[in-house]
Every structure is written in C-alpha cells, then in structure tokens.
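Q: Need a 3D model of the sequence below.
(2 chains)
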Amino acid sequence: MTINASTAGERSQSPSLVTQLLKKPSQEQIVLLITLSLLVVFSATLAGFAHLANLLNLVRSISILGILGLGMGLIVISRGIDLSEVAIMAGSWSVALIEIQRGLPTFWAAILALVIALMIGVANGVMVAFVEAPPLFVTLAAGFVIYGAAFWYAPSWVVYAPKPEDAPYLLYLGHDYLFGIPVPIIVFALAAIGMQLFLARTSIGRFIYAQGDNPEAARLAGIPLRPLIVLEYVLVALLAWLAGLVWIGTTGSMQMGIVQGTYIFDVILVVVLGGISLVGGRGGVFSVVVGCALIGTLFNAFTIMDINSEVQNIIKGVVLLAAIVLDNWLHPRDEETARQGE
Amino acid sequence: MSIARVATSMDNGFATRLRASLSPRLLLSELLLKQWFEPVIPFTVMLALLAWFSATIPNYAGLENLLSLMRLYAEFGFVALAMAFSLISGGIDLSVGAIFAVCNFAMLYFLYVLDLPVWAAVPATLAVGAAIGCVNGLLIGYLKARPFLTTLVTLIILRASVNLLNERYATVFATNSVDSDVWDFFGEGYVLGVPINAATLIVVLLVGHLFLSRSRFGWHLTAIGANRKAARHAGIQVERMLLFTYVLSGMLCAFGGVFYAARQTSTDSTTGVGWEFQALTAVVLGGVSLSGGKGTVWRAMIGGIIIFLLTNGLVRMGIPGYVTSGAIGLILLAAVGVDVKWAKNRGKAIQKIYVNPARVPLAAAPSLLRGSSSPYAQNDRLIGAEAIGLDQVEGPEDVILDRQDRLYGSTRDGNIIRFSGPSFEQREVFAHIGGRPLGMQFDRDENLIVAVAGMGVYGIRPNQEVYKVTDETNRTWYKLNDDSRLRMADDLDIAPDGKIYFSDCTTRYEMTTNSLDIMEGRPNGRVVCYDPATRRTWTVLNHFYFPNGICVSHDGRSLLIASTSLCKVFRLWLGGPDKDKLEVVLDEIPGNCDNINRASDGNYWLALVGIRTPAFDLAMRKPGFRLRMVKQVPTDEWLAPGLNHGCVLKFTERGEVLESFWDPTGISHSTLTSMREHKGYLYLGGLENNRIGRVKLEGADPSWTGYEAYWGSKQRN
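A: The predicted structure follows:
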C-alpha cells in the first residue's frame, strides 16, 4: 500500500511532529500557523474578537462552509471539481421548502430534497464519467440549469422555512444547541470524522486517492473508475443536502441568490488553501478544517471591521489567485498533456 | 444467357453507373469527412431560429428590426470572439464579461471624468483591456496557472472592482454629457447602412479570420491549442503565444466595451453579467472545440448569433431570465457532451459507415472442367514455366521487354528491376520510383511509362532518369470526395497518337485498402487520359467498376478495359461513329481479370488474378454479408476468390476465348497479373510471385515484339 505511506501516513508515521515541522512544514501546518497568528493579531487589535461568544459564532459560521468544503475536497482529491454544489444545496431545498408551504410533511420534504440532490449528483457523475465531458464545464452548466429549474418551480429569491416550533426536527441541526455548543459545529465535526474514516480507512476512499493521483493507472489497476466517479458526485450532492439542512436551520430560509454569488468560490478557496491540490490525490479532511479556520477567522474579522462586501470579494479573489498559483508551483501539473478544463 | 446480357448492358450506361455509385449511407460517410459539414448544423439552427422568431414575433423579419438586432448583437459578438480565441489556444477566458464591463466603465471614465477627447479615450480603453488580458496571460502563460480557475477568479475581482467604481461614478455619468459628433457616431452611426459597431465587428472578423487561418501567429495560436507539446518541440514560444492570446482577448472585449459605452452612456451592476457563460455556450455550440486547436471565427459568430437570438427572442416573448439561463445551461451541457463525444468518435463513426457494399450479380461462371471442350478447361501448361530471377524480384506485377530483349519487372519495393543477358542472369535496379509500380508500357521514344499506385504516372528515360508524367486529373464537380488526386493508377497503354490511357481503380480507398473497393462492388474507379502534346490530364470514363487492365486495340481505335470486380472486359471506342461508347467484349469470365496485352496473332492476352468460386459469387450478391464480414473479420480471413491458381487467357477482337494456360497448383505462378509476348515466348508476372516466368508459345511469330507492334513494323491497322 504505497498510497498509505505517501499521503495519510505522512503525518502519523513521522518521528516527531516538531522536527518535521521545522524541516519541511506541510501546507496544512503553514495554514494552521497563519491562522493562529491571525487569531493572536485580531484578538489584540480588534475589539470584541476574543470573546467566547464571538469565537463560537466564528466556528458556527464556518460549519456550513466546512460541510460544503468536505464535499468539494472529496471531489478535488479525485481530480474533479463541482461548481454546482451550492446550486444543489439551494435548488433542492428551495423546492422542498415550497412544498412544505404547500402542505407536504417536513419529513417527506427533506426526503424530496435528498432525492433531488442525489439525482443531480448522478446526472453530474454520468456526464463526467460516461460522456467524459470536463467536470468544470459540466458542473458550471449544471449550476445554471439547477438555478433556472428551481427558480421556475419556486419563483422567489427567498423561500422561507416554517417556524422552529412548527418543524423542530427540520430546523434542529442549524438552530439548536447541544451541551452549550451550537449543533452546526457538531454536525460539521461528525461529517469531518465520517469523511476522514471514509477516505482513510475504506478501500473506496483509497481508490479515490488513487484516481486523483493517476486516473489512468487506477483504471489499469482494475478500479471501476466510472461508477466511482458517479459515486463521488453523489457524495458531493449528499453533503450539499446536509449543508442545506443546516443552512435552513440557521437562517430560517433558503436564498436562491447564493447560487449567483461568490459563495462557491469560498468553498473552493477553503479547499485549495487547506492544501487539497487541484492536481488531485493530495490533502485530506484536515486540510478542509484548517482552510475553514483561516477563512472563518478572516471573514469574522472582516465583519467586525465592517468591510464592504465588494472589497471582501476582491480580497478573497486575490487570496484565491495566490493560492492557485502557489498550488500550481508546489504541485506542477503536466501542462502539455493536461485536458481542457482541468 | 439472355438475362446475363441484359444485366451487362445495364452496366454500360453512365446514368446507371452513377446511380450504382450512390447510397444514402455512402453520402453520409463522405459528408462527415468534409470540413464544411460541421458548421452546417449550427448554421441551420441559426436560420431555423430566425425563421421561428419571424413567424412568432410581429415585425421581426423587417430590415429595421434586423439592423437594430445587429446593433444589439455586435458587442456580444466581440466578447464571443474573445472567448473563441482563448478556446482555440487551448485555454479559456472566463473574465471576458468582466473585462467588457471594466472597459465600458473605463471608456465613460476617460470621457466624462478625465475629459479626454474621443480619439484618446478609445485607445486608452483598448489599453485597459489589453492590460487586464496581460495579467491573465502572465498568470496562465508564465506562471502556468489553470486558465479556467484563474480567469474565474479574475472575473470575481474585476466584477467586484467595477461594482465599487460604478457606485462611486454612476451619478457623474448620469449628470454629465459629452458634446462630440464622433462619440454620437460611435453610439448611433451607420456605415454603408450597417450600424457602426456591427460594421466594426465585420471588419474585425475578416481580419481575425485572415489572422487565424493565414498568418504565422494564427497558426502558432492554433498549434499550441491542438498539441502543446508538439508546438513547443516545433520551436513555438508557447508562453509568449499564451500571453498574446489573452491580451488579444482582453482587447476584443475592450472593443465591445467602447461601443457599449457609446450606445448606453451609462453603467450599472448588470453590464456584461453572465456574458462569459453565454459566450462560452455560444462558441462551443458554434463548433469551437473545448479541447483546443479547432475552430474558426465564423463558427464562433454562428454560435454567438444563435445564443443572442435565443436570449433576445425569449426576452421579447416575456419569458423570465432564469428560464433563459437554465436553457442556456442545458445547451452548454449538450454542446459540451457532443463536442467531447464527436471529437473522440468522429473517425470511428466515419470508419463504421464508410464501406457500403452493393449487390453485384455476376454472370454465370463457365465450366473449368479439366479435359472438357471448354476453352477454359484447366491444364498444366504453366507448371513447367522457366523461372527468371527466382527470389530476386518481389511481386513483379507487370513485365515488359525492350528492343534489346531486356526484361523489366515492376516490384513491390518501388523499383523497376531489369534482367539482361542471354538467359536474363544479370539483374540490376533499372530505376527506383517509390510507390507501388504496376502497369508499364514503352512510348515511341522508348521511355518506359509506369503506372505507380499511390503516386500517379511516371516515366523513365533510357538513361534511367525518372520523371513525373501526371499525378492529378480534373475533379468531378458533383462528387463529395475530392477525386482530383490519382489514388491507384493500375495499368496503362499508349494510343498511336501518343495519348496515355490509364486506369485509376478506386477513388474511395487507398492503395493499401483497395481490396475493400472490390468488397464494396461499386463503380468507384475511372479511366484517365494524359495527352503529352498538351500536358493535360482528364477523366475519360468515370464511375467504372474497378478498372484494371488497359490495352489499346490492334487498330488503335478502341480501348479494352478489364473490370476486376465485375469479371468482364469492356471496349471503349476512342474514335469513329461509336466514339465514347462502352460495350462488353468479354462476359462470363471465370475469374477476376487483370492486365490485358496484345498477342502476335492479332488477339489479346488476359491474366486472371483470382478464380471465381460459387461462394464468392454468392457473397457478391449479398451486400449485407460482405458488410458484416469486413467489419467483424480480420482482413486476412475475408472470403476471397481462389488466389492459388494461375491463369492466362487468349481472346479475340470479337470476344471469343480461344485458349487458356493454367498453373492449377499455384506453386510457381499464382495471382497472375500480367503476361507479355515477346519473340515467341510468353513472359509472366504476378502480384505475389518471387519470379518472372517464361513459356514457349508454339507457332507464334518468333520476330514479334511489343515495341514493333506499337511503334514499328508489326503494327496492324
């Protein structure tokens, strides 16, 4: 199992974390250090930053981003990408919420949203795996199709969820507290642990790394690549559904506007910053966690500093650009044989 | 017998033969091969869309509406063109819509805030577009960042910037005005009746087309998109070309921005939003490939017009924007899928439907029974043939002797081998032509004229110098396949007036795949004439069933043509009252005929390369069987006529077969393709033989030679 030794094993098998950190830090460790130093700086300079309530709020605010990031991380590890993830979340849940308003029981509405999300995942996967269209184009177009179809079905920018007392279970994940901790954080933690176990401990998880490392070699080794790709897109859709469940609990509604915004780039930013390289086969759940921590810290600071959202977008764009260039420099891809849309 | 005659008379008419060379499948396969066929589909969609909106929207088809559509379209056209160039270079520029918006703002800013004159503001705006493109180009070309994500991020940054700037300057633009005729002309003017922005777009398209298809830079741009590695190895500066491509893309967007600013004189947060997505859909729909290196500016425009008409028309019909964007998403999905699958499977699809066998009802085969009275009765007359140059020649398809009794053979390795000496013991390579030399003949000046499959017709002077006679003929205007090149010149002969007549056995297959033509059984071949006096080449007989042997009759007034797939010999009149008339001379031949040559007694020799079998005859009547066979069975296991016999026939001017010479074992002479009479001997050449054979002819004129029969004392008129 060379895959084990080269990726997940890198951290656990090294003699001492400190020696390794001093010799050649991994991208996750660098990002973690930056986050910690930013936390120190912001605590010292920004009033109201270092309060426990604010920090909980910080973690809470990034948990949806984190759940989406887990899905994106999975698909990027497999050398794909899913630009329709936010659209899947918003589209499936706005249809479900409008059905609740029309009288569908909440449980069946949640199932409806799940079915819609999974079907979109299958469609994306089939387009990528069987039609062999580049994932960037497929999911870009899928995002627009989902947006058009969902808006046509539920023609409203904001679709409201029922009040918490009417649908306590539906809104529990985004809304409530467990042992004083906001439930979204727990959901994110559980999802991260589940994803970590899936990627590192199951053979399918290892196959995903193998595919990302070298799809042709993986195929020749006998891995059924096409069903695997479909499964990956279905898993992304599943996580999008879960993120949507948390989202409606947190905000009490689903907004179609996020599909057209830059939210999907925040998700990509989290993943790429954390060290899941776009060449595939690298990084893991820990990358998503530290990426989220950095972005959450920055966003929280932006909010406290009351920075214009357009300026925030410019800053995020520049950071993402830097991350892409850095990633490309650290993990160069073979530009001469690369497929369009990679 | 009478039925067979009727069938053969049907083969003679031009219209019948033309009809036999056509089938819907065949047309489709040849259409798919055409470069111009791919854009035909989106072009038809574009026309259909125009027709549909003309029918459903009142006053749509009027000139006024069309002009206003042109004015509305032009800016999007520039953006789509920018997208097309970036796709052809193997990348993508998703920031086109945002660059367009920034340039729109910049133009207004230069005019309204900085109070620059129009002549200075326009180049300044173009420079802004170029500068932004330059950033993209540096990131993608030199830092090797991924084009898709990089330009997606620059899109976000530019969009956010332009929104910030808009907020600040919108009121300035709304309250100020510029008093300039040039500026008004940019916004509302016409050039030759065409809106100024559309006219500029047309000029830019023409320049872009010439640039892309006729200039070195354009070729380099296409090359780095088609195969970056090969481009780099060919010495193309890939990084610089990429930088240049994105600068070009940025400048084209700036053009759009300038005209949009002149037309709208305002800016808001929706300017150019989603255009990158529409432009991408448009150019992929038009047929600019995602994989790079393939596409033209016209294809990009066809796609652009389709998307523009669709969005514009749907808005007019009151359909909400989200439905339009969903529809465009679906179109992009379909276009990307088709693009990927088509690029991958085009060759396979054509290959699958290219072979189209037809029904070939052959006349009944005569009996070959040994000892019977039939002239075809098998005998052993060739078994004892004397071997010349055993294992020194490889497949002498044709043999010929010159006035000095030297023997020439055209071999598989592209050589003409010459044997000389009393018993032909001296071997030399007379000339190397290349290709696959087949039929040969001496002209009056003793130049050896050779039909070379894969090359055309070549000549060899007595001093061994090789020269080209001809390698192309006139193109048949109504054929889809370009048939001007000679694909497989097979046999030739020279008329008394010096004209060289030769057979080109197929126009649909190549030299190496000519057996497919026989399997297809369609009239794909032709007989071509070259006139040395005028140096002109033209097709004298088009749509002919695998013409092979060619022989000018003893009197020089007609041409004998052997059809290998029909197993018949035809006569084409070169002059006289029946000029250009085609008639059957020899029907019911028991094998696939090859070369024809003159005999000393006024008759003709005919070689049979294969011997018909009942199974093969049946296969020729069953096109479906042959289609399945060529698709599913490897070539060397295809059903073929008997190739392990050798047979030479002698027949008269009137089409009677006199006698036959057989090697039923096929050990020394199988697949006989040629024979040449010379001073009482018959020399034998074969496609797959390792020797040239020679048998003594009883009672033949011992002084008769081919050269004398054509140009000297032995002519018969």
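
Q: what residues does the stretch 1-150 of chain B put near chain A?
A: B:90-92, B:139, B:143-146, B:148-150 (CB under 8 Å from any CB of the partner chain). Just so you know, the C-beta spots here come from the backbone N, C-alpha and C atoms, and that holds for glycine as well.

Q: Kindly recompute the last result at 6 Å.
A: Neighbours of chain A within the stretch 1-150 of chain B, by CB under 6 Å from any CB of the partner chain: B:143-145, B:148-149.

Q: if you look at those residues, which of them are in strands?
A: Among the residues of the stretch 1-150 of chain B next to chain A, the subset assigned to strands under DSSP state E is empty.

Q: Between those, identify the one with the most neighbours.
A: Among these, B:Leu149 has the most neighbours (other CB atoms under 10 Å in any protein chain shown), with 26 neighbours.

Q: got a list of what that residue touches?
A: Taking CB atoms under 6 Å, 6 or more residues apart in numbering or on different chains, we find B:Leu149 in contact with A:Ile324.

Q: Same question for the one 4 residues further on.
A: For B:Val153, the contact set (CB under 6 Å, 6+ apart) comprises A:317, A:320-321.

Q: These: which ones sit near chain B?
A: A:317, A:320-321.

Q: Name the helix or strand for the residue in chain B that chain A sits nearest to, please.
A: As assessed by CB to the nearest CB, chain A sits closest to B:Gly326 within chain B, at 1.7 Å. Per DSSP states H and E: B:Gly326 is located in helix B:321-354.

Q: Check the separation of the first and last residues in stretch B:443-454.
A: Separation of the first and last residues of stretch B:443-454 by CA to CA, to the nearest Å is 22 Å.

Q: tally of neighbours for B:Lys581?
A: Number of residues near B:Lys581 (other CB under 10 Å) recorded here: 12.

Q: quick one, what contacts it?
A: B:Trp573.

Q: Could you tell me the per-residue confidence at it?
A: Here, the pLDDT recorded for B:Lys581 equals 89.

Q: Against B:Phe43, how distant is it?
A: Distance, B:Lys581 to B:Phe43, using CB to CB, to the nearest Å: 44 Å.

Q: Also B:Glu708?
A: Counting by CB to CB, the gap from B:Glu708 to B:Phe43 is 63 Å.

Q: Phi first, then psi, for the residue in chain A positioned nearest to chain B.
A: Across chain A, no residue is closer to chain B than A:Gly148, which sits at 1.7 Å (CB to the nearest CB). With angles defined as degrees, to the nearest 10, A:Gly148 sits at phi -60, psi -50.

Q: Restricted to helices, list the residues of the stretch 1-150 of chain B next to chain A.
A: Mapping those onto helices (DSSP state H) picks out B:148-149.

Q: Please produce TSV containing the residues of the stretch 1-150 of chain B next to chain A, extended by pLDDT.
A: Formatted as TSV, the residues of the stretch 1-150 of chain B next to chain A follow (pLDDT from 0 to 100):
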residue	pLDDT
B:Leu143	87
B:Lys144	85
B:Ala145	86
B:Phe148	84
B:Leu149	84
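
Q: can you map out the helices along the stretch 551-700 of chain B?
A: For the stretch 551-700 of chain B, the helices defined by DSSP state H, counting those that start in this stretch occupy B:614-621, B:623-632.

Q: can you dump the C-alpha coordinates of the shortest one into PDB?
A: Taking C-alpha atoms only, helix B:614-621 is exported to PDB below (Å, rounded to 0.1, in the frame of the first residue of the first chain):
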ATOM      1  CA  PRO B 614     -19.500 -20.200 -56.100                       C
ATOM      2  CA  ALA B 615     -19.100 -19.000 -52.500                       C
ATOM      3  CA  PHE B 616     -17.500 -15.800 -53.600                       C
ATOM      4  CA  ASP B 617     -20.100 -15.200 -56.400                       C
ATOM      5  CA  LEU B 618     -22.800 -15.700 -53.700                       C
ATOM      6  CA  ALA B 619     -21.100 -13.200 -51.500                       C
ATOM      7  CA  MET B 620     -21.100 -10.600 -54.300                       C
ATOM      8  CA  ARG B 621     -24.800 -10.900 -54.400                       C
END
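
Q: hmm, who's touching that helix?
A: Contacts of helix B:614-621 with the rest of the structure, by CB under 6 Å, 6+ apart, involve B:359-362, B:625-626, B:639, B:641.

Q: who wins for neighbours among these?
A: When neighbours are counted by other CB under 10 Å, B:Arg626 leads the contacts of helix B:614-621 with 25 neighbours.

Q: Looking at chain B, which residue reaches furthest from the middle?
A: B:Thr175 (61.8 Å; CA atoms, centre = their mean).

Q: Need the per-residue pLDDT for that one.
A: B:Thr175 is assigned a predicted lDDT (pLDDT) of 80.

Q: so what's the backbone phi/psi at it?
A: Taking degrees, to the nearest 10 as the convention, B:Thr175 sits at phi -90, psi -30.

Q: where's it relative to B:Thr265, distance?
A: 12 Å.

Q: Excluding chain neighbours, what is closest to B:Gly576?
A: Nearest residue to B:Gly576, sequence neighbours excluded (CB to CB, 6 or more residues apart in numbering or on different chains): B:Arg557, at 5.7 Å.

Q: ok so, going back, count the neighbours of the residue of chain B closest to chain A for me.
A: If you count neighbours by other CB under 10 Å, B:Gly326 ends up with 21.

Q: if I look at it, how far off is A:Ile146?
A: 8 Å.

Q: So which residue is dead centre in chain A?
A: A:Gly69 (1.4 Å).

Q: name the element the closest residue to A:Leu46 other than its chain neighbours belongs to?
A: Residue nearest to A:Leu46 in three dimensions, not counting chain neighbours: A:Ile304, with 5.1 Å by CB to CB, 6+ apart. According to DSSP H and E, A:Ile304 maps onto helix A:285-305.

Q: tell me the average confidence for that helix?
A: On average, helix A:285-305 scores 89.

Q: Need the residues that contact that helix.
A: Residues from elsewhere that reach helix A:285-305 (CB under 6 Å, 6+ apart): A:28, A:31-32, A:35, A:38-39, A:42, A:46, A:58, A:62, A:65-66, A:69-70, A:73, A:192, A:195-196, A:270, A:273-276, A:312.

Q: Alpha carbons of that helix, as CSV, please.
A: Listed next in CSV are the C-alpha coordinates belonging to helix A:285-305 (Å, rounded to 0.1, in the frame of the first residue of the first chain):
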residue,chain,number,x,y,z
VAL,A,285,-10.1,16.3,5.8
PHE,A,286,-7.6,18.1,8.0
SER,A,287,-6.9,20.4,5.0
VAL,A,288,-10.6,21.4,4.9
VAL,A,289,-10.6,22.0,8.6
VAL,A,290,-7.6,24.3,8.7
GLY,A,291,-8.8,26.0,5.4
CYS,A,292,-12.1,26.7,7.1
ALA,A,293,-10.4,28.0,10.2
LEU,A,294,-8.3,30.5,8.3
ILE,A,295,-11.2,31.7,6.1
GLY,A,296,-13.6,31.8,9.1
THR,A,297,-11.1,34.0,11.0
LEU,A,298,-10.7,36.3,8.1
PHE,A,299,-14.5,36.6,7.5
ASN,A,300,-15.1,37.2,11.1
ALA,A,301,-12.5,39.9,11.2
PHE,A,302,-13.9,41.5,8.1
THR,A,303,-17.4,41.6,9.7
ILE,A,304,-16.1,43.2,12.8
MET,A,305,-14.1,45.7,10.7
